[in-house]
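A.B. asks: sharing a sequence plus its predicted fold:
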Amino acid sequence: MPAPLRDVPQEGIELIKSFEGIPDGDPSSVNLDAYLDPTGIWTIGWGHAITYQGTVLCGPQNKGIARALYPGGITLDQAEMLLRGELVNFGRDVLRLAKVPLDDGQFAALVSFAFNCGSAQLEASALLRKLNSGDVAGAADQFLRWNKVRKNGVLAERPGLTRRRRAERALFLGEDWRAVSATRGTGPAVPARTTAPERAEPPPDEEGDELRAAPAAKKPLKPRARTTTPKAPPTAPPAKRPAPPTKR
């Protein structure tokens, strides 16, 4: 039976927006265009990974395809639709993985975590194990450990990820996530950043045994589920045969 659906609370959506930002691959155009994120994935809007023929589109060599899939870019309203559509899938993953009741703050924080780190990483994490065992405080503290990215083969802490994990932990515990993350203003968080967000990697002791212990029989979760059907990219023109050599 499919996992039930549950709307992601607005506070969770605002938290995600404040850390994802909304970069534009071509600031000279009117709408938002696809951009290449730090991990080499073509993305558009608030962290929407672009897929092509069933796989995530990666690498600078695929810029033409990424742009052709979204000719003219997308509007801010369309970016909002893409984000909310993706959060439906991450919300379903969280409800499937959590074996205990979740209040709105806990649910929203876990969706934000899964959106940034991936549902498969949540599934294999100590955070989820502690939550399902009833250790809510221990689960909350696990958020803080997912604040690093790999650079030159070494895991290094990133201030933006540290702020995000603190915000998610606060939301999980029913606290003021804006104050904890030093988000400006008192109203809905407005994404001020224009650079692509960073994706956290597992803490050192979760890279080995825990990830290897994840159930192997299940199909791997897709990193981001497409919620729209883009236009097919234009086909390449047929190759021209070289002209025959002229006689002397």
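C.D. replies: Done, it's in.

A.B. asks: can you pull out the helices in this protein?
C.D. replies: 10-20, 63-69, 76-97, 104-117, 119-123, 126-132, 136-142, 159-172, 177-181, 209-212 (DSSP state H).

A.B. asks: give me the nearest residue to residue 148, chain neighbours excluded.
C.D. replies: residue 155 (4.3 Å; Cβ to Cβ, 6 or more residues apart in numbering). To be clear about C-beta, it is placed using only N, CA and C from the backbone, and glycine gets the same treatment.

A.B. asks: quick check, that neighbour in contact with residue 201.
C.D. replies: Yes - assessed by Cβ atoms under 8 Å, residue 155 is found in contact with residue 201 at 6.4 Å.

A.B. asks: joint contacts of the two?
C.D. replies: Here residue 155 and residue 201 share the contacting residues 148, 149, scored by Cβ atoms under 8 Å, 6 or more residues apart in numbering.

A.B. asks: now residue 125: phi and psi?
C.D. replies: Dihedral pair for residue 125: phi -90, psi 160, per degrees, to the nearest 10.

A.B. asks: contacts only, for the residue nearest to it when sequence neighbours are not counted.
C.D. replies: Residue nearest to residue 125 in three dimensions, not counting chain neighbours: residue 206, with 6.3 Å by Cβ to Cβ, 6+ apart. By Cβ under 8 Å, 6+ apart, the contact list for residue 206 reads 124, 125, 126, 145.

A.B. asks: any idea how far residue 206 lies from residue 146?
C.D. replies: 9 Å (Cβ to Cβ, to the nearest Å).

A.B. asks: shared neighbours of the two, anything?
C.D. replies: residue 125.

A.B. asks: helices and strands of the chain: which one bottoms out on pLDDT?
C.D. replies: Scoring the helices and strands of the chain by mean pLDDT, DSSP states H and E places helix 209-212 at the bottom, with a mean of 38.
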